[in-house]
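K.L.:
3D, please:
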Amino acid sequence: MAQQGSELSPEMIAAAVKRVLASLNESAGKSGTVNPASTAGGLDAKKDYPLAIKRRDLVKSATGLALDAITLDKVVEGKIGFDDMKIHPDTLEYQAQIAISAGRPHIAKNLRRAAELTRIPDARVLEIYNALRPYRSTRQQLLDIADELETKYQAKICAGFVREALAVYEKRGRIKK
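P.N.:
Have a look, this model is predicted:
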């Protein structure tokens, strides 16, 4: 996300996309073949990781674009925007399944929390981030944020995180009076 007052030139975008594509192509040369395994039982780290190489069919942007549809030419031509470059929550869920299969449940939980955050507008995420800083919010404000996350955005993991933060802030006296 660009900061206010700063401009991203087409050259900067092109350079960034070139680096990403070069990295993907480099990884492709080192990896095996694509595994057509179903995701019904969960993805397997040994067979399906990295997704961008072994399961390209599952990787898509927030707007539904397939990974192969995102090209440097389309970015430079303005046919691909920032929303087209954001990750889809399903892709994060697939990464979480891989983390589970690799014995990394904490990473899986973080990926699932990130998937929930994709449903929340960026501006609201920043507001919530600021509200979670010590002494910035009252008990009721944090409870309201947790309820909003759970009901409006179906972000149950994130809502639990806010409630957990509230409990810690109350214990340590970090709540706004």
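K.L.:
which residues belonging to stretch 122-136 are considered buried?
P.N.:
For stretch 122-136, the neighbour count (16 or more other CB atoms under 10 Å) marks 128, 131-132 as buried. For the C-beta atoms, the positions are set from N, CA and C on the backbone; glycine is no exception.
K.L.:
what's the nearest residue to residue 160 if we skip its chain neighbours?
P.N.:
Nearest residue to residue 160, sequence neighbours excluded (CB to CB, 6 or more residues apart in numbering): residue 146, at 7.7 Å.
K.L.:
who's in contact with the one you found?
P.N.:
Taking CB atoms under 8 Å, 6 or more residues apart in numbering, we find residue 146 in contact with 159-160, 162-163, 166.
K.L.:
center of the chain - which residue?
P.N.:
residue 114 (4.5 Å; CA atoms, centre = their mean).
K.L.:
for it, helix, strand, or coil?
P.N.:
The three-state assignment at residue 114 reads helix, by DSSP: H, G, I helix; E, B strand; the rest coil.
K.L.:
can you tell me how far the residue nearest to residue 160 sits from residue 59?
P.N.:
31 Å (CB to CB, to the nearest Å).
K.L.:
and stretch 112-126, what's its mean pLDDT?
P.N.:
When pLDDT is averaged over stretch 112-126, the result is 96.
K.L.:
my error: substitute stretch 69-82 in the last question.
P.N.:
Taken as a whole, stretch 69-82 has a mean pLDDT of 91.
K.L.:
can you count the residues close to residue 73?
P.N.:
10 (other CB atoms under 10 Å).
K.L.:
typo on my end, it should be residue 70
P.N.:
Neighbours of residue 70 (other CB under 10 Å): 19.
K.L.:
do residue 64 as well
P.N.:
Neighbours of residue 64 using other CB under 10 Å come to 10.
K.L.:
quick check, it in contact with residue 88.
P.N.:
Yes. Using CB atoms under 8 Å, residue 64 is in contact with residue 88, at 7.2 Å.
K.L.:
beyond the helix or strand bottoming out on mean pLDDT in the chain, next helix or strand please.
P.N.:
Using mean pLDDT, DSSP states H and E, helix 10-30 stands out as the lowest-scoring helix or strand of the chain, at a mean of 56. As assigned by DSSP states H and E, the chain's next helix or strand after helix 10-30 is helix 45-48.
K.L.:
now do the spatially closest residue to residue 132 that is not a sequence neighbour, the pLDDT please.
P.N.:
In space, and not counting its chain neighbours, residue 132 is closest to residue 165: 5.7 Å by CB to CB, 6+ apart. Note for residue 165: predicted pLDDT of 97.
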